[in-house]
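[1] sharing a model that was predicted from the sequence below.
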Amino acid sequence: MIPRKYRLKSPAAFSATYRVNNLHRKNGIILLAGMKKNKEIPTKVGFVVSKKTHKRAVKRNRLKRLMRESYRLLLKEDRTGNAGEYISLIFLGQSRALENDFKTTKQTIFELLSEL
RNA sequence: UAAAGCAGCCGGAUAAUCGCGCUUUAUAUUAACUAUAGAGUGAGGAAAGUCCGUGCAUUCAAGGACAGUCCGCCGGAGAAACUCCGGACGGCGCAAGCCGGUGGAAAGUGCCACAGAAAUGAAGACUGCCGAUGGAAACUCUGUUUCACAGGCGAUGGUGCAACGGUGAGUUAAGAGCUUCACCGGAGGUAUCGAGAGAUACUUGCCAGGUAAACCCCGGACGAAUGCAAGAUUGACAGGAAGGCUUUAAAGGUGUCCGCCAACUUCCGGCUAAUCGCUAGAGAUUACAAGCAAUUGUAAUACCAGACAGAUGAUUAUCUUAAAACAGAACACGGCUUAUGAGCUGCUUUAUUCU
RNA sequence: GGCGACAUGGCCAAGUGGUAAGGCAGGAGCCUGCAAAGCUCUUAUCCCCCAGUUCGAAUCUGGGUGUCGCAU
């Protein structure tokens, strides 16, 4: 789990990020990036796996945890690419990504961040 | 040994590193927020489905009548329940055992397609059986056949899920539960046993479909509505509609009516943030006692998730044969139902073999 | 998390316990010189699934699955 100050929290922030519509897809995971920042604040991240993706809460939570852990480790290793230039990021999990293990998920997240 | 039945257990553990939620302590900061460090703690047997029942909260009412909803063998347990335990009866199984929404169809109404003479009304139209009497025919002339018909009968009709108890015999002109018989099924009565559901025995020819998971009748239970996104507090922001003089109609609250409450103001609607609600309980564990059991009582012990974009993850090692199945708390609790992995333990039944 | 509704041919759908209407679409035929229109015929043996009640269930009862909605 990542610390609280790096989390995207308010519904308004989520809808603002969706409006920018800066999409990157790979391997069942979609990355949405918000606007570029003009002052020094932490980049906030949200993780979403909708109920339409899978009915069971266990599998949805599993995917969210894997994505979170991947981002946390990349943040710690300082390998997030240009992600620091954006105000907010959202990772959207889709049904294709449900079966992936941790290593695959981490590699996917890394490649997505490199595309920014 | 094999095949079954019942009851119960487990639902990974330990360590290290990197991390997260909550509580709390210390330090920094005037305080709060926040940051750092330490300590404690952190998903299930179904947390699920939301199928029942409660607590809790708000609004209305606290009265009466009607309606409505639910339940339905007996006894017990329980806060209550489409709940549990013990029994009765019925069904299934060789058996251990399992399953059952199991009051009333003779209070009434409805429905019973097609087929069938007829589908509920105790009908006897029809098809039939018998044959007093009268007529006719032929002959072998005590009679036989045939026609009409008063009457007797309810056996015959093969359709249907179902045909007015069933099967066989007797009786008879023909026949029939026909107070004739045998066996069987049901119903009533009496006696005994049982707390009761009911059981057993004797007896009465008493025997007149099914459906109530159709309306209904009987007996019993229930304040209603809305659900923690209930609701309370604090702070900031900010409305909309109707009526207004009289009459009529309509208009607020509870299922309806009466009644009652509210009536110049009433009704509707809030938005945002924070805090509370929020977890010490019809609770958990252990022991003892009562009871066949469900369950109850007493004592001791500890406090054991409480989030709000929503906490349990990642990597490695060891153990176990293997670490897998179903699956994630959101106010709480009692049940039911459904999903599910690898096994283990105990008892019981049946079959076979050996002693 | 809470509350509620629905499921009938390929599509839209009616159906109060007794053979599952109708329209559109599809197929075949008639008509026409050829088409369109019109006419005739045809397509449900699992009425979302599994049990139960009943002689008989799309319909009644219980359980499950899926889809959609409400406060938003």
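    Received the coordinates, thanks.
[2] rest of the way, CA atoms for contacts and neighbours
    Will do.
[3] how close does A:Arg65 get to RNA strand B?
    Taking C-alpha to the nearest atom of the strand, to the nearest Å as the criterion, A:Arg65 is separated from RNA strand B by 5 Å.
[4] run a quick neighbour tally on that residue.
    The number of residues packed near A:Arg65 is 15, by other C-alpha atoms under 10 Å.
[5] which residues touch stretch A:85-101?
    Where contact means C-alpha atoms under 8 Å, 6 or more residues apart in numbering, the residues beyond stretch A:85-101 that reach it are A:8, A:14, A:17, A:27-37, A:41-50, A:53-54, A:59-60, A:63-64, A:67, A:105.
[6] buried subset of these, written for PyMOL?
    Typed into PyMOL, the next command selects the buried ones out of the contacts of stretch A:85-101 (criterion: 16 or more other C-alpha atoms under 10 Å):
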select buried, chain A and resi 8+14+17+29+30+31+32+33+34+35+43+44+45+46+47+48+49+59+60+63+64+67+105
